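Chemist: Need the 3D shape of this:
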Amino acid sequence: MSDPLPPQDCRDMAEVRAGVDALDQRLVALLAIRQGYMDAAARIKTDRGKVYDADRIEDVVAKVKASARQQGLADVIAEPLWRVLMELCIAYELKAWDRLHA
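Modeler: Residues are numbered from 1 along each chain as shown. Coordinates of the predicted model:
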């Protein structure tokens, strides 16, 4: 399969959808790697109470917003998306921590 067209070169919805589908596959692969880091954190942290870290959440959001601005991603997409992503990752990490430290 060839690489999808860049968005600005798409001429019809089939090309747009092919690009979105290809990007979704890459995003899933990257999110699977991120999940691996949650597994590592659950393994490394000795205190379940350290799984949720409000300061770290705000640090991540600030970095994501800065990166989003540099890359042309709207804050209205980046910030809420990452906040939900982190919420889900924290829930995942808590379950992983419980499983590993039971």
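Chemist: Helix or strand: which one has the residue nearest to residue 57 when sequence neighbours are not counted?
Modeler: Distance criterion CB to CB, 6 or more residues apart in numbering; nearest residue to residue 57, sequence neighbours excluded, is residue 86 at 5.6 Å. Yep, even glycine has a C-beta here, placed from its N, CA and C like the rest. Applying DSSP states H and E as the criterion places residue 86 in helix 75-101.
Chemist: in that helix, what counts as buried?
Modeler: Judged by neighbour count (16 or more other CB atoms under 10 Å), helix 75-101 contains these buried residues: 78-79, 82, 86, 89-90, 92-93, 96-97.
Chemist: likewise stretch 5-19?
Modeler: 10, 18-19.
Chemist: Out of those, which is nearest to residue 62?
Modeler: residue 19 (29.5 Å; CB to CB).
Chemist: Which secondary structure state does the closest residue to that closest one other than its chain neighbours sit in?
Modeler: Once flanking residues are discounted, residue 19 sits nearest to residue 4: 3.8 Å by CB to CB, 6+ apart. Under DSSP: H, G, I helix; E, B strand; the rest coil, the three-state class of residue 4 is coil.
Chemist: so residue 4 touches residue 14, yeah?
Modeler: No - using CB atoms under 8 Å, residue 4 makes no contact with residue 14, being 10.6 Å away.
Chemist: count of residues packed around the residue nearest to residue 19?
Modeler: Close neighbours of residue 4, defined as other CB atoms under 10 Å, add up to 17.
Chemist: please renumber so the chain begins at 16
Modeler: Okay, residue one is now 16; in that scheme the one you just asked about reads as residue 19.
Chemist: ok now do it, which residues does it touch?
Modeler: Residues in contact with residue 19 (CB atoms under 8 Å, 6 or more residues apart in numbering) are 30, 33-34, 36-38.
Chemist: would you turn those residues into CSV with distance to residue 117 and pLDDT?
Modeler: Below are the contacts of residue 19 laid out as CSV (distance: CB to CB, whole Å; pLDDT from 0 to 100):
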residue, distance to residue 117, pLDDT
30, 50, 97
33, 45, 97
34, 44, 97
36, 39, 97
37, 40, 96
38, 38, 96
